[in-house]
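Novice: Just to be clear, the model below is a prediction. Sequence and coordinates:
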Amino acid sequence: MSHFSDFSYLQRCSIWVYMGVFLAFKIWTSDRFKCLHPKKIFSGELRSIITILYILMLFMQASWDIVLAWIKYYEKFTIIPGTATIIETPFNSWTEQHKNASQSMDYVECINLSMQASVLILLQCFWNYISNSVAKRSFMTSLEFKFYIFWAISTIVTFPTLQYSYRNSEILRESVPLLAYSAIGLIISSLGIRSHKRFNRMLETLHMLENGSSVIARLEYFQEMNLLISILLCFYALTLGIMCVDGLTSTLIARSKFATDFLIANCNTCALLMWMVGIFIFHPRRTTEEIKLDNRSKSSENISNRDSLVATGDIELSSVQYQEPSMDEHKSRNSQTSQRVSKFVNSQNAVN
């Protein structure tokens, strides 16, 4: 992990800043931060839990990249003895303080990888939630649903355990957790392709039954998002796996800075797109029906609040009575009007 290019860390630092703003914007536009309400979180609502996980992952990923970028730029470069070749300062030449900080942040990154893998696994459960809530149909069996929950929970402890087990080997503690993540990513990607086929069968059934177009459009949207994130995850896992296998074997790719930077740039791009697609999945744009329903609920709530205020006497409804002006007021107004008319006539005569 610490052998990546220093520019890759700096690039991801800027990515996570923009991604945090984008995540906050989508949460606000989708449900006005209602998913972060403690009542929904403690009730176990899937979207609320995954949103919390996204916020934690974003914070942990940004922390890891910021610390490693600071270390990389502080250590700067070194010259290979006996040559004129300038390289980044290797890990063995770092200060002891930076080594300890890097190893500590690697545990943070492993926890982050565990949470990312768990979210991608729970995504399969989310399709079942969407199918039940939108199309009123089951997407998977209860046994399969429970298996995904168990797999997601067990994954949380997998990566920190691997990091601790290979803590004495510099190469293994960096490569093995990432290799395990790439393997899980390929498995989840294949599961996403299977979910795509399930979406196809469900949509064919709904077309035959001539269900509402809004339901079909909603399911087609999630089907496209599922296919897109599965393809991105496949490319991301393959690229990450290639770098890990190369680091464990011949280090042929690691000797070429261009090849290494190219693979890392591909990983960063796929990670950025995966984050965006994931946010679009769990916080999609509200439909017209949802906006109308929200406006109706707000108006009914305002009416009920007004009625309660009237009932408690906080608001007094009184009619405004019209009072006829008195005779003296009529006389004063008439005199003022006659004076204005006479002044206007005199001024016209003077001009003539």
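Specialist: Happy to help now that I have it. Numbering: from 1, shown residues only.
Novice: shaky segments in this protein?
Specialist: 1-7, 84, 210-212, 287-352 (pLDDT under 70).
Novice: Quick check, central residue of it?
Specialist: Nearest to the mean C-alpha position of the chain, counting by CA atoms, centre = their mean, stands residue 279 at 3.6 Å.
Novice: What sits closest to it if chain neighbours are left out?
Specialist: residue 26 (5.2 Å; CB to CB, 6 or more residues apart in numbering). (Glycine included, C-beta is placed from N, CA and C.)
Novice: other SSEs contacting the strand or helix carrying the one you found?
Specialist: For residue 26, the enclosing helix or strand under DSSP states H and E is helix 6-31. Applying 3 or more CB pairs under 8 Å, 6 or more residues apart in numbering; DSSP states H and E, we find helix 6-31 packed against helix 46-75, helix 257-282.
Novice: now for the longest one, which elements pack on it?
Specialist: Read that as helix 46-75. The contact analysis (3+ CB pairs under 8 Å, 6+ apart) places helix 46-75 against helix 6-31, helix 38-42, helix 96-130, helix 257-282.
Novice: just to revisit the earlier point, was I right about the residue nearest to the centre of the chain contacting residue 22?
Specialist: Yes - assessed by CB atoms under 8 Å, residue 279 is found in contact with residue 22 at 6.7 Å.
Novice: ok, now which ones touch residue 229?
Specialist: If a contact means CB atoms under 8 Å, 6 or more residues apart in numbering, then residue 229 has 123, 192, 274, 277-278, 281 as its contacts.
Novice: go again using 7 Å as the cut-off
Specialist: The contact partners of residue 229, taken as CB atoms under 7 Å, 6 or more residues apart in numbering, are 192, 274, 277-278.
Novice: ditto for residue 112
Specialist: 57, 60-61, 64.
Novice: Please apply the same query to residue 223.
Specialist: Applying CB under 7 Å, 6+ apart, the residues near residue 223 are 196, 199.
Novice: so which strand or helix has it?
Specialist: Counting by DSSP H and E, residue 223 is found in helix 213-248.
Novice: Can you list the buried residues in that helix?
Specialist: For helix 213-248, the neighbour count (16 or more other CB atoms under 10 Å) marks 216, 218-219, 221-223, 225-244, 246-247 as buried.
Novice: Neighbours of the residue nearest to residue 233 when sequence neighbours are not counted, how many?
Specialist: Distances taken as CB to CB, 6+ apart place residue 189 nearest to residue 233, at 4.6 Å, with adjacent residues excluded. Applying other CB atoms under 10 Å, we find 20 residues neighbouring residue 189.
Novice: Residue 189 contacts residue 235, doesn't it?
Specialist: No - using CB atoms under 7 Å, residue 189 is not in contact with residue 235; the gap is 9.0 Å.
Novice: who's in contact with residue 272?
Specialist: Here residue 272 is in contact with residue 15 (CB under 7 Å, 6+ apart).
Novice: how far does stretch 200-218 stretch from start to finish?
Specialist: Distance between the boundary residues of stretch 200-218 (CA to CA, to the nearest Å) amounts to 13 Å.
Novice: what's the spacing between that stretch and its chain's center?
Specialist: Relative to the centre of its chain, stretch 200-218 is centred 28 Å away, using CA atoms, centre = their mean, to the nearest Å.
Novice: Give me the buried stretch members for the longest helix belonging to the chain, please.
Specialist: Assignment by DSSP state H gives helix 170-209 as the longest helix of the chain. Residues of helix 170-209 classed as buried by neighbour count (16+ other CB under 10 Å): 172-182, 184-189, 191-192, 195, 198-199, 202-203, 206.
Novice: now for it, which elements pack on it?
Specialist: Contact analysis of helix 170-209 by 3 or more CB pairs under 7 Å, 6 or more residues apart in numbering; DSSP states H and E lists helix 96-130, helix 158-165, helix 213-248 as its packing neighbours.
Novice: Adding distance to residue 70, write those helices out as a markdown table.
Specialist: As requested, these are exported to a markdown table (distance: least, CB to CB, whole Å):
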| stretch | distance to residue 70 |
| --- | --- |
| helix 96-130 | 9 |
| helix 158-165 | 21 |
| helix 213-248 | 23 |
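Novice: So for residue 261, which of the ones you listed sits nearest?
Specialist: Between residue 261 and these, the tightest spacing by CB to CB is seen for helix 213-248, at 11.2 Å.
Novice: Next, the angle helix 96-130 makes with that closest one.
Specialist: 150 degrees (axes from the mean of the first three to the mean of the last three CA atoms, to 10 degrees).
Novice: Could you check how far the closest residue to residue 164 other than its chain neighbours is from residue 62?
Specialist: Among residues not flanking residue 164 along the chain, residue 107 sits closest, at 7.9 Å (CB to CB, 6+ apart). Per CB to CB, to the nearest Å, residue 107 is found 16 Å from residue 62.
Novice: Next, count neighbours for residue 284.
Specialist: 17.
Novice: wait, I meant residue 13
Specialist: So residue 13, with other CB under 10 Å, has 17 neighbours.
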